[in-house]
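# missing the sequence, but the structure's below:
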């Protein structure tokens, strides 16, 4: 991949951010604070409910666009989901 390519690789995956430990707990916390089930959040962001469960268990990290969609659906900052309280 060329250095000036529009697709970047961060955290080992194309178009992804490196997530701080605890992102799964933050996703779950945000989901519960807006009273959404995994099914409801999954429908809001366009993924399967099992995918939300994998994010919450930190089996896999969401791609950037899904992280942003989760943040919007839960009315939190994507940076907080990814990095925690120290994120600005």
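Happy to help now that I have it. These numbers come from a predicted model, not from an experiment.

# for the spatially closest residue to residue 48 that is not a sequence neighbour, grab the count of nearby residues.
Once flanking residues are discounted, residue 48 sits nearest to residue 42: 5.9 Å by C-beta to C-beta, 6 or more residues apart in numbering. (C-beta placed from N, C-alpha, C; glycine too.) If you count neighbours by other C-beta atoms under 10 Å, residue 42 ends up with 21.

# hmm, residue 42 is touching residue 55, no?
No: taking C-beta atoms under 8 Å as the definition, residue 42 is not a contact partner of residue 55, at 10.0 Å.

# so where do the helices sit in this protein?
With helices called from DSSP state H, the chain shows them at 23-33, 38-45, 49-56, 64-74, 78-83.

# in the third one, what's buried?
Put plainly, it is helix 49-56. Buried positions in helix 49-56, judged by neighbour count with 16 or more other C-beta atoms under 10 Å: 51, 52, 54, 55, 56.

# isn't the first one up against residue 39?
No: in this structure, residue 51 is not within contact of residue 39 by C-beta under 8 Å, at 11.3 Å.

# gap between the residue nearest to residue 48 and residue 18?
24 Å (C-beta to C-beta, to the nearest Å).

# likewise residue 27?
16 Å.

# which of the two has more neighbours?
Taking other C-beta under 10 Å, residue 27 and residue 18 do not tie; residue 27 has more neighbours (26 against 11).
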